[in-house]
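Engineer: Below are the sequence and a predicted model for it; my questions follow.
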Amino acid sequence: MISSRIFRVLFILILTLTPWFSERKLFAFHGIMQPSFGARQAGMGGAFQAVGGSVMDLESNPSHLARVKRTKWELGSGIHLPSIEYNDEYIDPNPNRSYRNATVEHPKAVLPYIGIIQPVTDNISIGFALYAQGGGGGQFKNIKRNTPDGKTLNETFGTNIPIIGESTKAVEDLNFRFMTVKSTFGAGYQKGNFAIGAGIDLVYGFMELKRTYQDETRSLTIPGGIRYQSDSAYTLGGKIGTSYDLTENIRIAYSYTTRNVLPMDGTMKVDGYAPERSFGTRVSRYMIWPDKHIVGISYRTDKFIIDFDIKYIPWSESFNSTKFRTEDVWVRTPVGIETNSFQFNLNWKNQTIFAIGAEYKWNDRYMTRMGHSYGNNVIPASGVSPMLGASIEHHVALGGSVSWNDSTFHIACEYGFPKKTYGGKTSDWTLSHAVYSRTEVHPFQFSYNKQMSVFSIYLGMEQNI
(Lines give C-alpha, C1' and ligand atoms only; values in the text may rest on other atoms or scores of the structure.)
Protein backbone atom coordinates (compact mmCIF):
# COMPACT_ATOMS: atom_id res chain seq x y z
CA MET A 1 0.00 0.00 0.00
CA ILE A 2 1.19 3.51 -0.80
CA SER A 3 1.01 5.67 2.33
CA SER A 4 -0.91 8.92 2.65
CA ARG A 5 2.45 10.58 3.39
CA ILE A 6 3.61 9.73 -0.15
CA PHE A 7 0.36 11.18 -1.47
CA ARG A 8 1.00 14.44 0.38
CA VAL A 9 4.53 14.63 -1.05
CA LEU A 10 3.23 14.04 -4.59
CA PHE A 11 0.46 16.58 -4.04
CA ILE A 12 2.96 19.27 -3.02
CA LEU A 13 5.18 18.33 -5.96
CA ILE A 14 2.39 18.77 -8.50
CA LEU A 15 1.37 22.09 -6.90
CA THR A 16 4.98 23.20 -7.30
CA LEU A 17 5.18 22.07 -10.92
CA THR A 18 1.82 23.51 -11.98
CA PRO A 19 3.35 26.83 -13.20
CA TRP A 20 5.85 24.80 -15.27
CA PHE A 21 3.06 22.73 -16.83
CA SER A 22 1.17 25.94 -17.61
CA GLU A 23 4.11 27.06 -19.77
CA ARG A 24 3.83 24.01 -22.04
CA LYS A 25 2.07 24.26 -25.37
CA LEU A 26 -1.49 23.00 -25.38
CA PHE A 27 -3.68 22.07 -28.31
CA ALA A 28 -7.31 21.48 -29.12
CA PHE A 29 -9.49 18.39 -28.86
CA HIS A 30 -13.31 18.91 -28.65
CA GLY A 31 -13.10 22.64 -29.27
CA ILE A 32 -10.29 23.50 -26.85
CA MET A 33 -11.47 21.16 -24.10
CA GLN A 34 -10.01 17.74 -23.34
CA PRO A 35 -12.33 14.84 -24.26
CA SER A 36 -11.51 13.02 -20.99
CA PHE A 37 -10.46 13.92 -17.47
CA GLY A 38 -8.76 11.04 -15.68
CA ALA A 39 -7.17 7.81 -16.91
CA ARG A 40 -10.18 5.60 -16.13
CA GLN A 41 -12.51 8.04 -17.91
CA ALA A 42 -10.18 8.21 -20.92
CA GLY A 43 -10.32 4.44 -21.38
CA MET A 44 -14.10 4.77 -21.74
CA GLY A 45 -13.85 7.57 -24.31
CA GLY A 46 -14.85 10.19 -21.75
CA ALA A 47 -18.22 8.50 -21.06
CA PHE A 48 -18.39 8.60 -17.26
CA GLN A 49 -21.24 10.89 -16.21
CA ALA A 50 -23.38 8.12 -14.71
CA VAL A 51 -20.51 5.91 -13.49
CA GLY A 52 -18.62 7.71 -10.72
CA GLY A 53 -16.07 6.51 -8.21
CA SER A 54 -13.18 8.76 -9.27
CA VAL A 55 -11.60 11.88 -7.81
CA MET A 56 -12.21 13.51 -11.20
CA ASP A 57 -15.94 13.39 -10.47
CA LEU A 58 -15.07 16.81 -9.04
CA GLU A 59 -14.62 17.92 -12.66
CA SER A 60 -17.74 16.28 -14.08
CA ASN A 61 -20.36 15.38 -11.43
CA PRO A 62 -19.68 15.86 -7.69
CA SER A 63 -22.82 13.96 -6.65
CA HIS A 64 -20.81 10.73 -7.03
CA LEU A 65 -18.56 11.75 -4.13
CA ALA A 66 -21.29 10.63 -1.73
CA ARG A 67 -21.06 7.06 -3.03
CA VAL A 68 -17.37 6.77 -2.07
CA LYS A 69 -17.30 5.12 1.37
CA ARG A 70 -13.53 5.07 1.97
CA THR A 71 -10.94 7.82 1.75
CA LYS A 72 -9.42 7.76 -1.71
CA TRP A 73 -6.60 9.69 -3.34
CA GLU A 74 -5.84 9.73 -7.03
CA LEU A 75 -3.28 11.30 -9.33
CA GLY A 76 -2.29 11.01 -12.95
CA SER A 77 -1.67 12.81 -16.19
CA GLY A 78 -2.68 13.00 -19.81
CA ILE A 79 0.26 13.05 -22.23
CA HIS A 80 -0.90 14.48 -25.55
CA LEU A 81 1.12 14.12 -28.76
CA PRO A 82 -0.62 16.07 -31.52
CA SER A 83 0.38 16.37 -35.15
CA ILE A 84 -0.52 19.77 -36.62
CA GLU A 85 -0.23 20.53 -40.33
CA TYR A 86 -0.67 24.03 -41.73
CA ASN A 87 -0.70 24.90 -45.45
CA ASP A 88 -1.28 28.16 -47.28
CA GLU A 89 -0.71 29.67 -50.70
CA TYR A 90 -0.74 33.18 -52.17
CA ILE A 91 -0.91 33.42 -55.96
CA ASP A 92 -0.07 36.78 -57.54
CA PRO A 93 0.31 37.84 -61.20
CA ASN A 94 3.82 38.87 -60.18
CA PRO A 95 5.59 35.55 -59.40
CA ASN A 96 8.01 37.36 -57.07
CA ARG A 97 5.08 38.05 -54.74
CA SER A 98 3.71 34.49 -54.78
CA TYR A 99 4.53 32.00 -52.03
CA ARG A 100 3.50 28.63 -50.61
CA ASN A 101 3.90 27.16 -47.10
CA ALA A 102 3.62 23.61 -45.77
CA THR A 103 4.46 23.17 -42.09
CA VAL A 104 4.06 20.20 -39.75
CA GLU A 105 4.53 20.49 -35.99
CA HIS A 106 4.73 17.67 -33.41
CA PRO A 107 4.46 19.35 -30.00
CA LYS A 108 3.81 17.74 -26.63
CA ALA A 109 1.46 18.64 -23.78
CA VAL A 110 1.52 17.08 -20.30
CA LEU A 111 -1.63 17.80 -18.27
CA PRO A 112 -1.62 16.42 -14.69
CA TYR A 113 -4.42 15.97 -12.18
CA ILE A 114 -4.51 15.09 -8.48
CA GLY A 115 -7.15 14.92 -5.77
CA ILE A 116 -8.64 13.25 -2.73
CA ILE A 117 -12.11 12.21 -1.48
CA GLN A 118 -12.91 11.95 2.23
CA PRO A 119 -16.17 10.51 3.62
CA VAL A 120 -17.53 12.61 6.49
CA THR A 121 -20.61 10.57 7.39
CA ASP A 122 -22.38 7.59 5.85
CA ASN A 123 -24.20 9.99 3.49
CA ILE A 124 -21.75 12.87 2.96
CA SER A 125 -18.30 12.99 1.37
CA ILE A 126 -16.05 15.92 0.50
CA GLY A 127 -13.21 16.20 -1.99
CA PHE A 128 -10.57 18.39 -3.58
CA ALA A 129 -8.95 18.16 -7.03
CA LEU A 130 -6.44 20.18 -9.05
CA TYR A 131 -6.39 19.68 -12.83
CA ALA A 132 -5.82 21.28 -16.22
CA GLN A 133 -9.19 22.10 -17.79
CA GLY A 134 -8.11 22.80 -21.36
CA GLY A 135 -6.71 25.41 -23.71
CA GLY A 136 -5.28 25.94 -27.15
CA GLY A 137 -2.23 27.10 -28.98
CA GLY A 138 0.17 26.78 -31.83
CA GLN A 139 3.69 27.70 -32.84
CA PHE A 140 4.84 28.14 -36.41
CA LYS A 141 8.10 29.68 -37.60
CA ASN A 142 9.56 30.79 -40.92
CA ILE A 143 6.24 31.17 -42.72
CA LYS A 144 6.88 32.80 -46.08
CA ARG A 145 5.12 36.13 -46.49
CA ASN A 146 5.16 39.49 -48.22
CA THR A 147 5.77 42.50 -45.99
CA PRO A 148 2.55 43.53 -44.16
CA ASP A 149 1.95 46.56 -46.43
CA GLY A 150 3.37 44.94 -49.58
CA LYS A 151 6.18 47.48 -49.87
CA THR A 152 9.85 46.80 -50.46
CA LEU A 153 12.19 46.83 -47.48
CA ASN A 154 13.69 50.09 -48.75
CA GLU A 155 10.22 51.67 -48.81
CA THR A 156 9.31 50.23 -45.41
CA PHE A 157 12.44 51.52 -43.63
CA GLY A 158 12.92 54.66 -45.75
CA THR A 159 16.54 53.92 -46.58
CA ASN A 160 18.67 51.96 -49.03
CA ILE A 161 19.38 48.50 -47.68
CA PRO A 162 22.13 46.58 -49.51
CA ILE A 163 21.24 43.41 -51.44
CA ILE A 164 17.75 42.79 -49.92
CA GLY A 165 16.38 46.34 -50.08
CA GLU A 166 14.22 45.82 -53.18
CA SER A 167 12.64 42.65 -51.86
CA THR A 168 9.06 42.46 -50.56
CA LYS A 169 9.68 39.05 -49.00
CA ALA A 170 9.37 38.44 -45.28
CA VAL A 171 8.98 35.58 -42.78
CA GLU A 172 6.23 35.42 -40.16
CA ASP A 173 6.52 33.74 -36.74
CA LEU A 174 3.46 32.79 -34.68
CA ASN A 175 3.23 31.73 -31.07
CA PHE A 176 -0.11 31.47 -29.28
CA ARG A 177 -0.86 29.85 -25.91
CA PHE A 178 -3.96 29.78 -23.74
CA MET A 179 -4.62 27.53 -20.78
CA THR A 180 -6.96 27.16 -17.82
CA VAL A 181 -6.26 25.25 -14.61
CA LYS A 182 -8.94 24.55 -11.99
CA SER A 183 -8.91 23.59 -8.35
CA THR A 184 -12.27 22.30 -7.15
CA PHE A 185 -13.55 21.77 -3.62
CA GLY A 186 -16.80 19.81 -3.59
CA ALA A 187 -19.21 17.80 -1.51
CA GLY A 188 -21.79 15.12 -2.21
CA TYR A 189 -24.86 13.98 -0.28
CA GLN A 190 -26.75 10.71 -0.80
CA LYS A 191 -30.20 9.75 0.40
CA GLY A 192 -31.47 6.41 -0.78
CA ASN A 193 -31.09 6.10 -4.53
CA PHE A 194 -30.62 9.84 -5.03
CA ALA A 195 -27.38 11.82 -4.74
CA ILE A 196 -26.62 15.50 -5.21
CA GLY A 197 -23.33 17.36 -5.13
CA ALA A 198 -21.78 20.74 -5.77
CA GLY A 199 -18.33 22.17 -6.23
CA ILE A 200 -16.62 25.55 -6.09
CA ASP A 201 -13.95 26.15 -8.76
CA LEU A 202 -10.97 28.45 -8.41
CA VAL A 203 -9.88 29.04 -12.00
CA TYR A 204 -6.47 30.21 -13.22
CA GLY A 205 -5.81 31.26 -16.80
CA PHE A 206 -3.16 32.87 -18.94
CA MET A 207 -2.64 33.82 -22.58
CA GLU A 208 0.31 34.72 -24.76
CA LEU A 209 0.19 35.89 -28.38
CA LYS A 210 3.19 36.74 -30.55
CA ARG A 211 3.00 37.52 -34.24
CA THR A 212 6.14 39.04 -35.74
CA TYR A 213 7.70 39.73 -39.15
CA GLN A 214 11.33 39.79 -40.24
CA ASP A 215 13.18 39.91 -43.52
CA GLU A 216 14.31 36.61 -45.02
CA THR A 217 17.81 36.95 -43.52
CA ARG A 218 16.29 37.72 -40.08
CA SER A 219 18.44 40.84 -39.85
CA LEU A 220 15.54 43.29 -39.62
CA THR A 221 12.32 43.30 -37.61
CA ILE A 222 9.54 44.66 -39.81
CA PRO A 223 6.96 47.01 -38.19
CA GLY A 224 3.51 45.60 -37.57
CA GLY A 225 4.20 42.66 -35.28
CA ILE A 226 2.55 42.33 -31.86
CA ARG A 227 3.64 40.63 -28.61
CA TYR A 228 0.89 40.24 -26.00
CA GLN A 229 1.26 38.66 -22.56
CA SER A 230 -1.67 38.52 -20.16
CA ASP A 231 -1.40 38.96 -16.44
CA SER A 232 -2.21 35.90 -14.35
CA ALA A 233 -6.01 35.68 -14.35
CA TYR A 234 -8.15 34.28 -11.53
CA THR A 235 -11.88 33.84 -11.18
CA LEU A 236 -14.47 31.71 -9.41
CA GLY A 237 -16.96 29.26 -10.86
CA GLY A 238 -18.93 26.24 -9.79
CA LYS A 239 -20.83 23.13 -10.71
CA ILE A 240 -23.75 21.07 -9.54
CA GLY A 241 -24.56 17.44 -10.23
CA THR A 242 -27.24 14.88 -9.49
CA SER A 243 -27.51 11.14 -9.99
CA TYR A 244 -30.25 8.60 -9.36
CA ASP A 245 -30.32 4.81 -9.38
CA LEU A 246 -33.48 3.86 -11.27
CA THR A 247 -32.87 0.21 -10.54
CA GLU A 248 -30.05 -1.89 -9.15
CA ASN A 249 -28.46 -1.83 -12.61
CA ILE A 250 -29.44 1.50 -14.18
CA ARG A 251 -28.26 4.98 -13.14
CA ILE A 252 -29.00 8.37 -14.68
CA ALA A 253 -27.05 11.57 -14.01
CA TYR A 254 -26.91 15.25 -14.94
CA SER A 255 -24.42 18.03 -14.20
CA TYR A 256 -23.99 21.69 -15.01
CA THR A 257 -20.71 23.64 -14.88
CA THR A 258 -20.86 27.44 -14.90
CA ARG A 259 -18.97 29.59 -17.36
CA ASN A 260 -15.85 31.44 -16.17
CA VAL A 261 -15.06 35.07 -17.06
CA LEU A 262 -11.28 35.50 -16.98
CA PRO A 263 -9.84 39.04 -16.82
CA MET A 264 -7.04 38.92 -19.38
CA ASP A 265 -5.58 42.41 -18.94
CA GLY A 266 -1.91 42.46 -19.83
CA THR A 267 0.88 44.11 -21.77
CA MET A 268 1.37 44.42 -25.54
CA LYS A 269 4.49 45.44 -27.42
CA VAL A 270 4.10 46.61 -31.02
CA ASP A 271 7.05 46.41 -33.41
CA GLY A 272 7.79 49.83 -34.85
CA TYR A 273 10.26 52.70 -35.10
CA ALA A 274 9.28 54.69 -31.99
CA PRO A 275 11.57 53.91 -28.99
CA GLU A 276 8.70 54.19 -26.50
CA ARG A 277 6.97 51.22 -28.10
CA SER A 278 9.70 48.90 -26.84
CA PHE A 279 8.26 49.32 -23.33
CA GLY A 280 4.79 48.16 -24.33
CA THR A 281 1.29 49.40 -23.61
CA ARG A 282 -1.38 48.09 -21.27
CA VAL A 283 -4.21 45.97 -22.71
CA SER A 284 -7.75 45.67 -21.38
CA ARG A 285 -9.70 42.54 -22.28
CA TYR A 286 -11.44 39.45 -20.92
CA MET A 287 -12.11 35.91 -22.06
CA ILE A 288 -15.03 33.61 -21.31
CA TRP A 289 -14.59 29.88 -20.72
CA PRO A 290 -17.99 28.34 -21.65
CA ASP A 291 -20.47 26.57 -19.40
CA LYS A 292 -21.25 22.88 -19.92
CA HIS A 293 -24.24 20.54 -19.59
CA ILE A 294 -23.83 16.76 -19.38
CA VAL A 295 -26.48 14.06 -19.13
CA GLY A 296 -25.67 10.36 -18.89
CA ILE A 297 -27.11 6.90 -18.33
CA SER A 298 -25.28 3.75 -17.33
CA TYR A 299 -26.05 0.05 -17.03
CA ARG A 300 -23.97 -2.11 -14.70
CA THR A 301 -23.59 -5.63 -13.42
CA ASP A 302 -20.95 -7.15 -11.18
CA LYS A 303 -18.73 -7.62 -14.24
CA PHE A 304 -19.74 -4.99 -16.76
CA ILE A 305 -20.48 -1.24 -17.04
CA ILE A 306 -21.63 0.67 -20.11
CA ASP A 307 -22.25 4.42 -20.12
CA PHE A 308 -23.67 6.82 -22.69
CA ASP A 309 -23.25 10.61 -22.31
CA ILE A 310 -24.46 13.68 -24.16
CA LYS A 311 -22.52 16.90 -23.55
CA TYR A 312 -23.56 20.37 -24.70
CA ILE A 313 -21.12 23.32 -24.82
CA PRO A 314 -22.43 26.72 -26.06
CA TRP A 315 -19.17 27.94 -27.61
CA SER A 316 -20.99 30.63 -29.61
CA GLU A 317 -21.75 32.56 -26.42
CA SER A 318 -18.09 32.89 -25.45
CA PHE A 319 -16.00 32.32 -28.59
CA ASN A 320 -17.78 34.55 -31.07
CA SER A 321 -15.09 37.23 -30.94
CA THR A 322 -12.34 38.42 -28.64
CA LYS A 323 -11.46 42.10 -28.36
CA PHE A 324 -8.26 43.89 -27.36
CA ARG A 325 -8.21 47.53 -26.24
CA THR A 326 -4.83 49.22 -25.70
CA GLU A 327 -3.98 52.44 -23.86
CA ASP A 328 -1.99 53.74 -26.85
CA VAL A 329 -2.92 54.00 -30.54
CA TRP A 330 -0.18 51.69 -31.78
CA VAL A 331 -1.76 48.66 -33.46
CA ARG A 332 -1.61 48.68 -37.26
CA THR A 333 -4.64 47.50 -39.26
CA PRO A 334 -4.33 45.78 -42.69
CA VAL A 335 -5.22 49.07 -44.44
CA GLY A 336 -2.39 50.91 -42.70
CA ILE A 337 -4.39 52.82 -40.05
CA GLU A 338 -3.23 52.64 -36.45
CA THR A 339 -5.83 51.98 -33.74
CA ASN A 340 -6.11 51.18 -30.04
CA SER A 341 -8.87 48.61 -30.50
CA PHE A 342 -9.03 45.43 -32.56
CA GLN A 343 -10.69 42.03 -32.34
CA PHE A 344 -10.40 38.49 -33.62
CA ASN A 345 -13.64 37.16 -35.07
CA LEU A 346 -13.86 33.48 -34.14
CA ASN A 347 -17.53 32.73 -34.93
CA TRP A 348 -17.45 29.36 -33.15
CA LYS A 349 -20.59 27.21 -33.19
CA ASN A 350 -22.28 25.39 -30.33
CA GLN A 351 -21.23 21.78 -29.83
CA THR A 352 -22.99 18.54 -28.92
CA ILE A 353 -20.73 15.64 -27.97
CA PHE A 354 -21.82 12.01 -27.82
CA ALA A 355 -19.69 9.55 -25.88
CA ILE A 356 -20.11 5.84 -25.21
CA GLY A 357 -17.81 3.63 -23.18
CA ALA A 358 -17.65 0.23 -21.55
CA GLU A 359 -15.65 -1.37 -18.75
CA TYR A 360 -15.26 -5.11 -18.13
CA LYS A 361 -13.96 -6.65 -14.89
CA TRP A 362 -12.17 -9.91 -15.61
CA ASN A 363 -11.41 -10.59 -11.95
CA ASP A 364 -10.42 -8.69 -8.84
CA ARG A 365 -7.10 -7.75 -10.45
CA TYR A 366 -7.73 -6.82 -14.09
CA MET A 367 -10.17 -4.55 -15.96
CA THR A 368 -10.33 -3.47 -19.60
CA ARG A 369 -12.13 -0.52 -21.21
CA MET A 370 -13.01 0.93 -24.58
CA GLY A 371 -14.91 3.97 -25.80
CA HIS A 372 -15.70 6.43 -28.57
CA SER A 373 -16.73 10.08 -28.64
CA TYR A 374 -17.97 12.34 -31.40
CA GLY A 375 -18.33 16.13 -31.31
CA ASN A 376 -19.29 18.31 -34.26
CA ASN A 377 -16.64 20.71 -35.57
CA VAL A 378 -17.18 24.07 -33.89
CA ILE A 379 -14.85 26.16 -36.08
CA PRO A 380 -16.43 27.55 -39.29
CA ALA A 381 -14.40 28.62 -42.32
CA SER A 382 -14.56 32.24 -41.15
CA GLY A 383 -12.88 31.32 -37.84
CA VAL A 384 -10.05 29.04 -38.97
CA SER A 385 -6.64 30.19 -37.79
CA PRO A 386 -3.30 28.46 -37.21
CA MET A 387 -3.23 30.04 -33.74
CA LEU A 388 -6.05 27.83 -32.38
CA GLY A 389 -6.06 24.08 -32.87
CA ALA A 390 -8.53 22.38 -35.17
CA SER A 391 -11.59 20.82 -33.52
CA ILE A 392 -11.27 17.03 -33.83
CA GLU A 393 -14.57 15.19 -34.28
CA HIS A 394 -13.89 11.48 -33.63
CA HIS A 395 -11.91 9.97 -30.73
CA VAL A 396 -11.49 6.26 -29.94
CA ALA A 397 -9.96 4.85 -26.76
CA LEU A 398 -8.72 1.65 -25.14
CA GLY A 399 -7.66 1.22 -21.54
CA GLY A 400 -7.24 -1.04 -18.59
CA SER A 401 -6.41 -1.33 -14.90
CA VAL A 402 -4.33 -3.50 -12.62
CA SER A 403 -5.29 -3.66 -8.92
CA TRP A 404 -3.47 -5.00 -5.87
CA ASN A 405 -4.36 -4.62 -2.21
CA ASP A 406 -6.11 -1.22 -2.09
CA SER A 407 -4.21 0.31 -5.02
CA THR A 408 -5.08 0.51 -8.72
CA PHE A 409 -3.02 1.60 -11.72
CA HIS A 410 -4.90 2.87 -14.80
CA ILE A 411 -3.65 3.31 -18.35
CA ALA A 412 -5.49 4.42 -21.49
CA CYS A 413 -4.63 5.29 -25.09
CA GLU A 414 -6.79 7.69 -27.05
CA TYR A 415 -6.61 8.68 -30.72
CA GLY A 416 -8.26 11.69 -32.34
CA PHE A 417 -8.64 11.11 -36.07
CA PRO A 418 -7.27 13.72 -38.51
CA LYS A 419 -9.61 16.62 -39.15
CA LYS A 420 -8.89 19.20 -41.84
CA THR A 421 -10.51 22.63 -41.83
CA TYR A 422 -10.34 25.15 -44.69
CA GLY A 423 -10.18 28.88 -44.15
CA GLY A 424 -12.75 31.23 -45.68
CA LYS A 425 -12.14 34.22 -47.92
CA THR A 426 -13.63 36.62 -45.35
CA SER A 427 -11.79 35.27 -42.30
CA ASP A 428 -9.52 37.53 -40.28
CA TRP A 429 -6.58 35.34 -41.21
CA THR A 430 -7.23 35.74 -44.95
CA LEU A 431 -7.73 39.49 -44.73
CA SER A 432 -4.55 39.97 -42.71
CA HIS A 433 -2.56 38.34 -45.53
CA ALA A 434 -4.48 39.61 -48.56
CA VAL A 435 -5.06 43.28 -47.73
CA TYR A 436 -2.00 45.52 -48.26
CA SER A 437 -3.72 48.90 -48.53
CA ARG A 438 -7.16 50.42 -49.17
CA THR A 439 -6.75 49.81 -52.90
CA GLU A 440 -4.84 46.52 -52.84
CA VAL A 441 -7.24 43.85 -51.57
CA HIS A 442 -6.81 40.27 -52.90
CA PRO A 443 -8.67 37.73 -50.71
CA PHE A 444 -9.20 35.31 -53.60
CA GLN A 445 -5.44 35.02 -54.13
CA PHE A 446 -4.88 33.60 -50.62
CA SER A 447 -6.00 30.13 -49.46
CA TYR A 448 -5.14 28.05 -46.40
CA ASN A 449 -6.08 24.96 -44.39
CA LYS A 450 -5.15 23.26 -41.16
CA GLN A 451 -5.23 19.61 -40.12
CA MET A 452 -4.77 18.05 -36.72
CA SER A 453 -4.71 14.59 -35.17
CA VAL A 454 -3.67 13.60 -31.66
CA PHE A 455 -2.49 10.47 -29.86
CA SER A 456 -2.80 10.60 -26.08
CA ILE A 457 -1.61 8.38 -23.24
CA TYR A 458 -3.28 8.67 -19.84
CA LEU A 459 -1.68 7.27 -16.71
CA GLY A 460 -3.38 7.24 -13.32
CA MET A 461 -2.91 5.86 -9.83
CA GLU A 462 -5.52 5.63 -7.07
CA GLN A 463 -5.63 4.18 -3.59
CA ASN A 464 -8.19 3.59 -0.91
CA ILE A 465 -6.86 4.50 2.51
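Structural biologist: Received it, and whenever you're ready, just let me know what you need.
Engineer: which parts of stretch 111-124 are buried?
Structural biologist: Under the neighbour-count criterion of 16 or more other Cβ atoms under 10 Å, stretch 111-124 has L111, P112, Y113, I114, G115, I116, I117, Q118, P119 buried. Glycine gets a C-beta too; all of them are placed from N, C-alpha and C.
Engineer: no wait, stretch 181-194
Structural biologist: Neighbour counts over stretch 181-194 (16+ other Cβ under 10 Å) mark V181, K182, S183, T184, F185, G186, A187, G188, Y189, Q190 as buried.
Engineer: Contacts for that stretch next, please.
Structural biologist: Applying Cβ atoms under 8 Å, 6 or more residues apart in numbering, the external contacts of stretch 181-194 come out as 18, 22, 58-59, 62-67, 115, 123-133, 195-205, 237, 239, 242-246.
Engineer: go with 7 Å
Structural biologist: Taking contacts as Cβ atoms under 7 Å, 6 or more residues apart in numbering, the residues outside stretch 181-194 that touch it are 18, 22, 58-59, 62-67, 123-133, 195-204, 244-245.
Engineer: ok, V261 to Q133 distance?
Structural biologist: 14 Å (Cβ to Cβ, to the nearest Å).
Engineer: ok, these two, which is more surrounded?
Structural biologist: A count of neighbours by other Cβ atoms under 10 Å puts Q133 above the other of V261 and Q133, at 23 against 16.
Engineer: What separation is there between the more buried one and S232?
Structural biologist: According to Cβ to Cβ, Q133 and S232 sit 15 Å apart.
Engineer: Check P290 too.
Structural biologist: With distances taken as Cβ to Cβ, P290 is found 21 Å from S232.
Engineer: rewinding a little: narrow the buried residues of stretch 111-124 to those in strands?
Structural biologist: Counting by DSSP state E, the part of the buried residues of stretch 111-124 found in strands is L111, P112, Y113, I114, G115, I116, I117, Q118, P119.
Engineer: Next, format the residues you listed as JSON lines and append pLDDT and distance to L398.
Structural biologist: Listed next are those as JSON lines, based on pLDDT from 0 to 100; distance: Cβ to Cβ, whole Å:
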{"residue": "L111", "pLDDT": "89", "distance to L398": "19"}
{"residue": "P112", "pLDDT": "92", "distance to L398": "22"}
{"residue": "Y113", "pLDDT": "94", "distance to L398": "20"}
{"residue": "I114", "pLDDT": "96", "distance to L398": "24"}
{"residue": "G115", "pLDDT": "96", "distance to L398": "24"}
{"residue": "I116", "pLDDT": "96", "distance to L398": "28"}
{"residue": "I117", "pLDDT": "96", "distance to L398": "26"}
{"residue": "Q118", "pLDDT": "96", "distance to L398": "32"}
{"residue": "P119", "pLDDT": "96", "distance to L398": "32"}
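Engineer: Please identify which of the residues you listed is nearest to Y422.
Structural biologist: Ranked by distance to Y422 (Cβ to Cβ), those are led by L111 at 28.9 Å.
Engineer: Return the residues in contact with the closest one.
Structural biologist: For L111, the set of contacting residues under the criterion of Cβ under 7 Å, 6+ apart consists of F21, Q34, S77, G78, H80, A132.
Engineer: what's the most distant pair in these?
Structural biologist: For these, the farthest-apart pair by Cβ to Cβ is F21 and Q34; their separation is 13.5 Å.
Engineer: higher neighbour count, these two?
Structural biologist: A direct count of neighbours by other Cβ under 10 Å for F21 and Q34 places Q34 higher, at 27 against 17.
Engineer: Any figure for the gap between that one and M56?
Structural biologist: Plainly put, Q34 is 11 Å away from M56 if you go by Cβ to Cβ.
Engineer: Kindly reformat the buried residues of stretch 111-124 as a markdown table and extend each row with distance to Y99.
Structural biologist: Output for the buried residues of stretch 111-124, formatted as a markdown table (distance: Cβ to Cβ, whole Å):
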| residue | distance to Y99 |
| --- | --- |
| L111 | 36 |
| P112 | 41 |
| Y113 | 43 |
| I114 | 47 |
| G115 | 49 |
| I116 | 54 |
| I117 | 56 |
| Q118 | 60 |
| P119 | 63 |
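Engineer: and which of the residues you listed is nearest W73?
Structural biologist: I116 (4.4 Å).
Engineer: Please identify the helix or strand for the residue lying closest to the closest one once chain neighbours are set aside.
Structural biologist: The shortest distance from I116 to any residue other than its chain neighbours is 4.4 Å, reached at W73 (Cβ to Cβ, 6 or more residues apart in numbering). Counting by DSSP states H and E, the element that carries W73 is strand 72-90.
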